[in-house]
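A.B. asks: got a structure for you, letters missing:
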């Protein structure tokens, strides 16, 4: 919500809360989906690239789904909050 306020989104409390909720759920789904794909491919361990953090792929796999959803939310949903009374 603070980010929505700083970016001057319309109805920042509602639009920021909804954005956070959606990104949290989609991030979790992205993480689980990427882990499933890595297991199916037999490439689960990438810990040598970034030791101590579970690997480089574990640091960025949730962004696979959140980036396009964030773009669509900001481009199409945030302007709809301007029309709310």
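C.D. replies: Yep, that arrived. Since the model is a prediction, treat every value here as computed from it, not as a measurement.
A.B. asks: So what touches stretch 20-36?
C.D. replies: Here stretch 20-36 makes contact (C-beta atoms under 8 Å, 6 or more residues apart in numbering) with 1, 44, 57-58, 61-66, 69-70, 73. Yep, even glycine has a C-beta here, placed from its N, CA and C like the rest.
A.B. asks: Can you classify residue 17 as helix, strand or coil?
C.D. replies: Assigned by DSSP: H, G, I helix; E, B strand; the rest coil, the conformation of residue 17 is helix.
A.B. asks: Tell me how far it lies from residue 42.
C.D. replies: Separation of residue 17 from residue 42 (C-beta to C-beta, to the nearest Å): 40 Å.
A.B. asks: Settle it for me: which of those two has more neighbours?
C.D. replies: Neighbour totals were compared for residue 17 and residue 42, and residue 17 leads with 13 against 7 (other C-beta atoms under 10 Å).
A.B. asks: Spatially nearest residue to that one, not counting backbone neighbours?
C.D. replies: For residue 17, ignoring the flanking residues on the chain, the nearest one in space by C-beta to C-beta, 6 or more residues apart in numbering is residue 1 at 5.8 Å.
A.B. asks: What residues does the most centrally placed residue in the chain make contact with?
C.D. replies: Closest residue to the average C-alpha location of the chain: residue 66 at 3.1 Å, with C-alpha atoms, centre = their mean. Residue 66 makes contact with 23, 26, 27, 30, according to C-beta under 8 Å, 6+ apart.
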